[in-house]
Each structure stands twice: as structure tokens, then as C-alpha cells.
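>>> please find the sequence and the predicted model below.
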Amino acid sequence: MNAIDDALYLIRTRGWAHFPAALAAGRVAKLIADSESVYAERRKIQIKNGVSGNMEGSAHHVLGHGDALDGFIDPPPLYDVIEAHFGGKVILLNFGATLNPPGGKTYTQKAHRDVRAFTPGYPISLNMLVMLDDFTPENGATLVLAGSQHVQPMPPPELFAQYAQQITGKAGDIVLFDSLLVHSAAPNLSDAPRRALTLCFGRPFVKPQMDWRRFIAPGRLEAFGEAGRQLLGLNARVAENLEEYYQPQPNWTFKADQI
């Protein structure tokens with residue numbers, strides 16, 4: 001077995017694979033700075049719209065600022081593993097940053113799955129967790145229930161609390177896990193934030209949480225390379241009119257290799 005096969009085996013059995021030292025320290029520092037800046041903007045909107053109560057430390061849809069976060073998906077680390085997991089091309093379903101401040105309360109501390117449809121044996125979504133700080137039991141390392149991606153009913157809270165494992169690691173580590181895996185953030189009992197990036201990748205026919213083509217300003221959208229444009233769904237679009245629909249195959253809005 002090679003490294004990709006090993007990772008896929010772990011994801012398909014226990015539910016996750018851990019990749020130590022996937023990012024250099026300098027890149028982690030840039031991602032931290034940009035995550036905090038983007039969170040400050042998202043927090044203003046959460047407060048203005050009256051939805052800030054359980055979103056402390058959570059920033060959603062962090063692309064479009066022309067920063068290290070944009071560069072992170074162009075292409076993302078472990079892209080070969082991600083495509084191998086699906087057996088083909090993928091798109092980006094969502095991309096967030098979590099700061100998990102000390103004593104913070106957020107909806108992610110409740111055990112959950114990140115996809116609603118239960119499709120064992122046919123993955124439609126894969127999570128990526130990027131550790132921007134060391135993950136420890138004290139600062140709220142992510143909790144996962146091994147094998148729960150194979151069982152449709154959600155586990156009782158008492159069972160999850162008893163059997164869930166914490167994924168600890170170092171800043172720069174990355175974890176890929178099945179989006180059906182039951183997981184949660186843990187309370188941060190330390191005196192410093194526990195920061196991370198959270199992404200979901202999916203099959204090209206799955207609807208992303210954000211319309212990236214309209215969300216990202218045209219000038220910045222054009223700055224993405226081939227991998228970034230693929231992940232933003234620019235090769236898996238719905239035609240806007242008949243003129244765009246009736247085109248030779250190279251000009252199709254939904255490329256043939258996306259199926």
C-alpha cells in the first residue's frame with residue numbers, strides 16, 4: 001500500500017486520516033493572520049443580523065480577499081488524496097475558519113455530521129481540518145466517534161461523550177475525515193485561542209453552500225489558477241441561457257470530466 005491507499009483505508013474504516021507537518025510554520029502564520037482579519041469582518045455581519053449568539057469564533061466562507069486563504073485552495077494540500085477519495089474531480093462546498101476562543105460557546109460544540117444525506121459507500125463530502133495551533137485536550141481538540149460514518153442514527157449524547165476520541169496534533173497538521181463521521185469541537189479550557197481552518201470538498205453535482213462565482217469579485221476570481229477555478233465550480237456550472245447551452249463540448253459549462 002502507498003501513502004494515498006493508507007489514508008483512504010483509514011478514512012473508510014475508522015473515519016479519518018491524520019497528516020502531520022503538512023504546512024510550514026511560515027504559511028501557518030499567514031493563515032492565522034488572515035483568518036483573524038476575515039473573522040472580524042464576518043463577526044460584524046453576524047452581530048448586525050442578530051445571529052451572533054452561538055457563532056463566537058466562527059467565520060464562514062472566507063474566500064475572496066486575495067490573501068493566503070485564497071491561495072490555500074489553489075491547489076489545496078493533499079489534493080491527490082481528496083480526488084482519490086472520490087475517484088475523480090471535486091468542488092469546494094464550504095471553507096471556514098474557527099478561532100475557538102477560551103470559554104467560547106459555539107454550535108460546533110454539539111456532536112454533528114457535516115452532511116445530511118446518508119450515503120455509505122458513496123461519499124458525497126469530505127472534511128479537511130487544518131490545525132493552525134497545537135490541538136490539545138485542554139484547548140478543545142476536535143472530538144470524533146470512530147466508525148460512526150457507517151451507522152445512520154446519531155449516537156446518544158452520553159455514548160458520544162463516553163467513546164469519542166480527541167484528535168490532538170501540532171500546528172500545521174491536517175486531518176481529512178468523512179463528512180458522515182460524528183464529531184464536535186470541545187470546550188477550550190486554556191487561556192489562548194485554538195485556531196483552525198475547516199473545509200468540505202464534494203462531488204461536482206452537489207450544491208455548495210455559497211455561489212462562489214458571484215460571491216468572489218470578478219477581478220479576484222480571475223486570479224485563481226486551474227485548481228482554484230475547478231474547486232470554485234467554474235467547470236461545473238449550470239448554463240444561464242440557450243446561447244450558452246448550445247456550445248461545442250469544450251465550451252460546455254459543465255465539463256464532461258466532472259461526472
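All right, it came through fine.

>>> so where's the stretch 151-259 of the chain uncertain?
Applying pLDDT under 70 to the stretch 151-259 of the chain flags residues 259.

>>> quick one: the helices in it, in order.
Here the stretch 151-259 of the chain has its helices, by DSSP state H, counting those that start in this stretch, at 157-163, 212-215, 218-221, 226-231, 242-245.

>>> can you check which helix is longest in this protein?
helix 25-48 (DSSP state H).

>>> buried ones in that one?
Neighbour counts over helix 25-48 (16 or more other C-beta atoms under 10 Å) mark 27-28, 30-32, 34-35, 38-39, 42-43, 46 as buried. All C-beta spots, glycine's among them, are computed from the backbone N, C-alpha and C.

>>> pLDDT for those - can I get that in a markdown table?
Output for the buried residues of helix 25-48, formatted as a markdown table (pLDDT from 0 to 100):
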| residue | pLDDT |
| --- | --- |
| R27 | 98 |
| V28 | 98 |
| K30 | 98 |
| L31 | 98 |
| I32 | 98 |
| D34 | 98 |
| S35 | 98 |
| V38 | 97 |
| Y39 | 97 |
| R42 | 96 |
| R43 | 96 |
| Q46 | 96 |
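
>>> now the two most distant members of the residues you listed.
Farthest-apart pair in these is R27 and Q46; separation 27.5 Å (C-beta to C-beta).

>>> of the helices of the stretch 151-259 of the chain, which is nearest H65?
helix 218-221 (7.7 Å).

>>> identify all contacting residues around that closest one.
Outside helix 218-221, the residues that touch it by C-beta atoms under 8 Å, 6 or more residues apart in numbering are 64-66, 70, 212-213, 232.

>>> phi, psi of G233?
Main-chain dihedrals, G233, degrees, to the nearest 10: phi 80, psi 20.

>>> pull the number of nearby residues for the closest residue in space to A21 that isn't next to it in sequence.
Distances taken as C-beta to C-beta, 6 or more residues apart in numbering put G172 closest to A21, at 5.5 Å, once the chain neighbours are dropped. Per other C-beta atoms under 10 Å, the neighbour tally for G172 reads 22.

>>> wait, isn't G172 in contact with A25?
Yes: counting by C-beta atoms under 8 Å, G172 does reach A25; the two are 6.6 Å apart.

>>> distance of G53 from A217?
Distance, G53 to A217, by C-beta to C-beta, to the nearest Å: 30 Å.

>>> ditto for V81
As judged by C-beta to C-beta, V81 and A217 stand 31 Å apart.

>>> more crowded one of the two?
Taking neighbours as other C-beta under 10 Å, V81 and A217 compare with V81 leading, 21 against 12.

>>> which ones are touching the residue at minimal distance from the centre of the chain?
Closest residue to the average C-alpha location of the chain: L199 at 1.0 Å, with C-alpha atoms, centre = their mean. The contact partners of L199, taken as C-beta under 8 Å, 6+ apart, are 73, 76, 92, 94-96, 127-128, 130.
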